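Asker: please find the sequence and the predicted model below.
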Amino acid sequence: MHVIVVYDVPADRTRVYRKLLRRRLEHLQYSVFYGELTEGQVTTMKNDIQKKLEPDDSIVVFESSNPAAFEFSTFGDVDEPGSRFT
Amino acid sequence: MPKPNHHVFADGELSRNEGTLRIDTLAGETEYLPVESIDSLYLHGQIDFNTRALGLLNDHGVPAHVFGWKDYYKGSYLPKRGQVSGNTVVEQVRAYDDDRRLSIAQRIIQASIHNMRSNLRYYDGRRGNFSEAIADLADEKDQVAAVDTINEVRAVEGNARKTYYRCFDRILRDPFELTKRQYNPPTNEANAIVSFLNGMTYTTCVSAIRKTALDPTVGFVHEPGERRFTLSLDIADIFKPILADRLVFRLVNRQQITVDDFESELDGCLLTESGRMTVLEEFEKLLDETVAHPRLERNVSYKTLVRTDVLSLKKHILTGEEYHATERWW
């Protein structure tokens, strides 16, 4: 499942979600994460997010289970998302 | 789809940071790897790491395969066994010791010959006439069932492989040629790329076997010796025609790989770094490709096929259910 997670949280709380998301997803931009996860991983991730949630936080999870319905283009100084090489 | 592998070509440092893997390259870049979404880690560059990084790999069951000078396979750091079953190991060794060994070895070699043959059948008429070799391989496959010692099985396999490799020359676009399979070090371009991909197939099998309770050192076709994973060698024999050889043909014939991607010095011939990258990218794509599986009744990726093969072997050893060595059906 293709997943994109974005967050907008108070500056001192970004690390909470960064830490949680980096374990499973690629850190694309400051508050944007992308990756391919299993359904189970998505559920655990959502539960984890829920546990950390505080009133001011806002997190959006985009999912697409159909790979054909997912496309992306990159511009400028970015690595291709999903690259398996470093 | 199973989790993807990750290849690290850069030189640098691998460490643990905020509960995940962090790579600091000598070029000054920092990258974070999602440790929970990685199947295996391949280290091709010069990497420093410490026990904390290894501990993290351990916690998430990620094997790290290490490649050394010119990408020769050096070894693997395998995580602590997630699957432990004394029962399985005992049965595996018993199977090695009694008459089951021969029948398992026969199944493995039959599948291996079948897969070689299906490669030739694919290229028959496309790049030459291979009807003779195809018939020979069919004979040899039948012969495997008739023999009654392991050595004879291996002898038949050797013959089949010779027949098979003789056809490479005609399949591969000029100037690639493989008249004789040579390695340590590979002597020409074709040998080099075959060796490299065979190595990758082998590590794929190591990763798959590690996910079961089977002992990778006790193989059935290859004689268990010292310092090698003979079971991985066995399983790799089945998958080499599927994962390595077919890819070699494709890369060479479509000119994705050319002689410029090789360097020869010190009597050997090896892929350059950019050549390896091209090959690995295609290898990873191949692992992700899916086929409809008749028994499982769903689409499975090539990577999963390796897994199902190993699981089927385990089941055969434990319960006597038939071992389905992967024979290309698609």
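Answerer: Received, thanks.

Asker: backbone dihedrals for B:Asp48, please?
Answerer: phi -90, psi 140 (degrees, to the nearest 10).

Asker: from chain A, how far out is it?
Answerer: Noted for B:Asp48: a distance of 14 Å to chain A, by Cβ to the nearest Cβ, to the nearest Å. Any C-beta I mention is one placed from the backbone N, CA and C, and that applies to glycine too.

Asker: and what of B:Leu102?
Answerer: The value you get for B:Leu102 to chain A, if Cβ to the nearest Cβ is used, is 40 Å.

Asker: residues contacting residue 18?
Answerer: Looking at chain A here, since you left the chain open. Residues counted as contacts of A:Arg18 (Cβ atoms under 8 Å, 6 or more residues apart in numbering or on different chains) are A:His27, B:Glu18.

Asker: wait, chain B
Answerer: A:Arg15, A:Arg18, A:Lys19, A:Arg22 are the contacts of B:Glu18 under Cβ under 8 Å, 6+ apart.

Asker: which one of the residues you listed sits in the busiest neighbourhood?
Answerer: A:Arg22 (22 neighbours; other Cβ atoms under 10 Å in any protein chain shown).

Asker: who's in contact with it?
Answerer: By Cβ under 8 Å, 6+ apart, the contact list for A:Arg22 reads A:Phe33, B:Glu18, B:Gly19, B:Thr20, B:Tyr32, B:Pro34.

Asker: next SSE downstream of the longest helix along chain A?
Answerer: Secondary structure of chain A per DSSP state H: the longest helix is helix A:39-52. Per DSSP states H and E, the first helix or strand lying C-terminal to helix A:39-52 is strand A:58-64.

Asker: for that next one, which strands pair with it and how are they oriented?
Answerer: With DSSP bridges as the test, strand A:58-64 is paired with strand A:2-8 (antiparallel).

Asker: now the strand it pairs with: buried residues?
Answerer: Across strand A:2-8, burial judged by 16 or more other Cβ atoms under 10 Å in any protein chain shown covers A:His2, A:Val3, A:Ile4, A:Val5, A:Val6, A:Tyr7.

Asker: touching, the last one and A:Thr14? I think so.
Answerer: Yes. With contacts defined as Cβ atoms under 8 Å, A:Tyr7 counts as touching A:Thr14 at a distance of 7.3 Å.

Asker: shared neighbours of those two, anything?
Answerer: A:Ser31.

Asker: B:Arg298: neighbouring residues, count only.
Answerer: Using other Cβ under 10 Å, B:Arg298 is surrounded by 9 other residues.

Asker: would you list the phi and psi of the residue lying closest to it once chain neighbours are set aside?
Answerer: Nearest residue to B:Arg298, sequence neighbours excluded (Cβ to Cβ, 6 or more residues apart in numbering or on different chains): B:Ala292, at 7.5 Å. Per-residue torsions, B:Ala292: phi -80, psi 130 (degrees, to the nearest 10).

Asker: so what pLDDT did the residue in the stretch 201-330 of chain B that chain A sits nearest to get?
Answerer: Residue nearest to chain A within the stretch 201-330 of chain B (Cβ to the nearest Cβ): B:Glu284, separated by 5.6 Å. Note on B:Glu284: pLDDT of 88.

Asker: got phi/psi on the residue nearest the centre of chain B?
Answerer: By Cα atoms, centre = their mean, chain B has its centre lying nearest to B:Thr201, at 1.4 Å. Dihedral angles of B:Thr201 (phi, psi; degrees, to the nearest 10) stand at phi -60, psi -40.

Asker: ok, which residues in chain A are in contact with chain B?
Answerer: Within reach of chain B by Cβ under 8 Å from any Cβ of the partner chain, chain A has these residues: A:15, A:18-19, A:22-27, A:35-37, A:41, A:82, A:84-86.

Asker: show me the contacts for A:Gly40.
Answerer: Counting by Cβ under 8 Å, 6+ apart, A:Gly40 has no contacts.

Asker: distance-wise, check it relative to A:Asp8.
Answerer: 27 Å (Cβ to Cβ, to the nearest Å).

Asker: do the same with B:Gln182
Answerer: 60 Å.

Asker: swap in B:Leu178?
Answerer: Distance from B:Leu178 to A:Asp8, by Cβ to Cβ: 58 Å.

Asker: how distant is stretch B:17-33 from the center of its chain?
Answerer: Stretch B:17-33 sits 28 Å away from the centroid of its parent chain (Cα atoms, centre = their mean, to the nearest Å).

Asker: buried residues, it. List them.
Answerer: In stretch B:17-33, counting by 16+ other Cβ under 10 Å, buried: B:Asn17, B:Thr20, B:Leu21, B:Arg22, B:Ile23, B:Asp24, B:Thr25, B:Glu31, B:Tyr32, B:Leu33.

Asker: so the last one is in contact with B:Pro4, correct?
Answerer: No. The pair B:Leu33 and B:Pro4 fails to qualify as a contact (Cβ under 8 Å) at a distance of 10.8 Å.

Asker: going by neighbour count, list what's buried in the lengthiest helix in chain B.
Answerer: The longest helix of chain B (DSSP H) is helix B:100-123. Using 16+ other Cβ under 10 Å as the test for burial, helix B:100-123 gives B:100-102, B:104-120, B:123.

Asker: which strands or helices does it pack on?
Answerer: Using 3 or more Cβ pairs under 8 Å, 6 or more residues apart in numbering or on different chains; DSSP states H and E, the elements in contact with helix B:100-123 are helix B:86-97, helix B:131-146, helix B:150-171, helix B:230-239, helix B:246-253, helix B:302-319.

Asker: mind checking the pLDDT average for stretch A:51-65?
Answerer: Mean predicted lDDT for stretch A:51-65 stands at 90.
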